[in-house]
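*Asks:* sequence and computational prediction follow.
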Amino acid sequence: MQELPLRCKSCKTPINTEDITEIGIYKIPAYRGSAYIRYICSYCREFGEATFSLEKMEDVARITRKKKKDKPKGQITIDEVIEFHKDLENLKNADFLKDA
């Protein structure tokens, strides 16, 4: 069981990879360059969220890779989220996105 450098905001129990429900990137301009981890604490069953910068995304991906083996096929992985985000950045200059 891999432990993340993250603790539950309610009971301060360490959050494990099994507790993570979602990892994503904010699309809101105010949070540009930020990502999040959403979790449900295995001890107190409280829902929580932690925000971090995109520079730390590689560290989070490395920690959560072991969990990737346990996921059924068809779920989106953190690597796919990162790749999708980079593809969206490349689409900003695309002609079909400009107003007609």
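*Replies:* Here it is on my side, so go on. Numbers count the residues shown, from 1 in each chain.

*Asks:* give me the residue at the spatial middle of the chain.
*Replies:* For the chain, the residue sitting closest to the mean C-alpha position, by Cα atoms, centre = their mean, is Ile23 at 2.1 Å.

*Asks:* which strand or helix spans that one?
*Replies:* Here Ile23 sits within strand 20-25, counting by DSSP states H and E.

*Asks:* counting contacts, what elements does that strand pack onto?
*Replies:* Applying 3 or more Cβ pairs under 8 Å, 6 or more residues apart in numbering; DSSP states H and E, one finds that strand 20-25 makes contact with strand 34-40, helix 57-68, helix 78-91. C-beta coordinates here come from the backbone N, C-alpha and C atoms, glycine included.

*Asks:* so what's the residue nearest to the centre of the chain up against?
*Replies:* With contact set as Cβ atoms under 8 Å, 6 or more residues apart in numbering, Ile23 has these partners: Ala35, Tyr36, Ile37, Arg38, Val60, Thr64, Ile78, Val81.

*Asks:* for it, which residues make a bridge with it?
*Replies:* Ile37 (DSSP bridges).
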